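Trainee: Sharing a sequence plus its predicted fold:
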Amino acid sequence: MHDDHVLIEQRLHRVLARVRHAVYSQRVPLDVAAWPVNGEPVPVAQALSAPYAAVRVGGAWGPPWTTTWFRVKGAVPEDWKGRRVEALVDIGFDPDRTGFHAEGLVYAADGSPVKGLNPRSQWVHVPDDQPVELYIEAAANPLILTPDNLFWPTPFGDRDTAGAGGAGDIRGRGVGAAPRPGGAGRAGG
């Protein structure tokens, strides 16, 4: 019998990529602004009133082991009313790993926590009839594991030796709408 597992896995990855795109077949962009925090995390109230500056989606952010707050704003199209609407936020996750790198906590405009962001949960439910305004406290944790998942010596393990380059990149994918099959939606957030 032939061992075609590599070919089969490649086919599965292609099919899954098409399925993921089809889940959010309609999208509109969101405006993203950032406020880099120098040092340790700050209280939410301070972050909500901080001076944010627009950032380019796809641009690097946060030197390793730092915190950056993002403000995500936008509008939900009128014709999406009655649909499950989600903001899609990717702060630079490695899709093949579920931890040990960028992480985020989403807050509503009033400062209440909404949900955490991770590579397997990059969506945030938003109302279908209100403007979108979310705040994300993001930690720029560099990926320090090697591809073989071993902890080899690396300068990224310490903030003083990790350098000043961006540890993550913001890949805000906008607001997506997905119809609720049978009226059901995702659990949580």
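Mentor: Cool, got the structure. Numbers count the residues shown, from 1 in each chain.

Trainee: Model confidence for the residue positioned nearest the centre of the chain, exactly?
Mentor: In the chain, the residue lying closest to the centroid (Cα atoms, centre = their mean) is Asp90, at 2.7 Å. With respect to pLDDT, Asp90 scores 82.

Trainee: Need the three-state assignment for it.
Mentor: Assigned by DSSP: H, G, I helix; E, B strand; the rest coil, the conformation of Asp90 is coil.

Trainee: Would you agree it is in contact with Ser121?
Mentor: No. The criterion here is Cβ atoms under 8 Å, and Asp90 misses it with Ser121 at 10.9 Å. Every C-beta, even on glycine, is put in place using the N, C-alpha and C of the backbone.

Trainee: ranges for the strands of this protein?
Mentor: 26-28, 31-37, 53-54, 60-61, 66-74, 84-88, 103-108, 113-117, 123-126, 132-140, 168-169, 174-178 (DSSP state E).

Trainee: Need these in JSON lines (columns: mean neighbour count and distance to His5).
Mentor: Formatted as JSON lines, those follow (neighbours: other Cβ atoms under 10 Å; distance: least, Cβ to Cβ, whole Å):
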{"stretch": "strand 26-28", "mean neighbour count": "14", "distance to His5": "34"}
{"stretch": "strand 31-37", "mean neighbour count": "18", "distance to His5": "39"}
{"stretch": "strand 53-54", "mean neighbour count": "9", "distance to His5": "46"}
{"stretch": "strand 60-61", "mean neighbour count": "18", "distance to His5": "35"}
{"stretch": "strand 66-74", "mean neighbour count": "21", "distance to His5": "39"}
{"stretch": "strand 84-88", "mean neighbour count": "21", "distance to His5": "31"}
{"stretch": "strand 103-108", "mean neighbour count": "19", "distance to His5": "32"}
{"stretch": "strand 113-117", "mean neighbour count": "16", "distance to His5": "32"}
{"stretch": "strand 123-126", "mean neighbour count": "21", "distance to His5": "31"}
{"stretch": "strand 132-140", "mean neighbour count": "22", "distance to His5": "35"}
{"stretch": "strand 168-169", "mean neighbour count": "22", "distance to His5": "32"}
{"stretch": "strand 174-178", "mean neighbour count": "20", "distance to His5": "32"}
